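> 3D, please:
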Amino acid sequence: SPILDLLDNSIIEYELSYRNTNQLVFKMFDRAVKNNPDAKPIFHSDRGFSYTNSVFKSKIDFAEMTQSMSRIGKCIDNGPMEGFFGILKSEMFYGKQFESMDKLIQDIHKYIKFYNEERFQKRLGCLSPIEYRTQAQCT
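Numbers count the residues shown, from 1 in each chain. So this is what the prediction gives:
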């Protein structure tokens, strides 16, 4: 369960679990809010059960964020996140086998670090997300 910042395409927070549960999303979201207390972004998501329930809505309201979800069958709000998942799958998963779940989890951690710090993106002027963020903060 990741959060992608649309400024620089970085993954600012994520949580891994063996199952998709509300707690997976809540834990990731709470950590993101704690680590970025002054951020008041628009929170784009799909219409999954974790994002449409009243507990998550109260978390959004408490953090003074705006929630944005596309209509059913229209994935425009969640498109950037789906794009990240496509990149992750094509660069890390396809054609590979993992010897254990622990190895898979370890490799996901490594990939997200690589993605944020080293993977160049054309949209960012051939900089990595963190390089782009650093450059944007200096101007």
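> for the chain, what are the low-confidence residue spans?
73-75 (pLDDT under 70).
> What are the boundaries of the helices in it?
22-35, 49-52, 54-62, 79-88, 101-117, 129-138 (DSSP state H).
> Spatially central, which residue of the protein would that be?
Ile3 (2.4 Å; CA atoms, centre = their mean).
> So for stretch 5-25, first residue to last residue, what's the gap.
16 Å (CA to CA, to the nearest Å).
> Other residues contacting that stretch?
1-4, 27-29, 31-32, 35-36, 41, 44, 48-51, 53, 55-56, 80, 84, 101, 105, 108-109, 112, 115-116, 121, 123-124, 129-130, 132-133, 136 (CB atoms under 8 Å, 6 or more residues apart in numbering). No exception for glycine: its C-beta is placed from N, CA and C like everyone else's.
> ok, back up a step: can I get the helices of the chain in CSV including distance to Ile11 and mean neighbour count?
Shown next, in CSV, are those (distance: least, CB to CB, whole Å; neighbours: other CB atoms under 10 Å):
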stretch, distance to Ile11, mean neighbour count
helix 22-35, 10, 16
helix 49-52, 17, 16
helix 54-62, 19, 13
helix 79-88, 7, 14
helix 101-117, 5, 14
helix 129-138, 8, 15
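> For Met69, which of those is the nearest?
Evaluated over the helices of the chain, closeness to Met69 peaks at helix 49-52, with 6.8 Å, by CB to CB.
> hmm, back to that, dump the helices of the chain to a markdown table, plus distance to Ser10.
Shown next, in a markdown table, are the helices of the chain (distance: least, CB to CB, whole Å):
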| stretch | distance to Ser10 |
| --- | --- |
| helix 22-35 | 12 |
| helix 49-52 | 20 |
| helix 54-62 | 21 |
| helix 79-88 | 10 |
| helix 101-117 | 5 |
| helix 129-138 | 4 |
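> Figure out which of the ones you listed is closest to Ser70.
helix 79-88 (8.6 Å).
> Check the offset of the closest one from the chain's centre.
Remark: helix 79-88 is offset 9 Å from the chain centroid, using CA atoms, centre = their mean, to the nearest Å.
> Run the angle between that helix and helix 101-117 for me.
Relative orientation of helix 79-88 versus helix 101-117 (axes from the mean of the first three to the mean of the last three CA atoms, to 10 degrees): 120 degrees.
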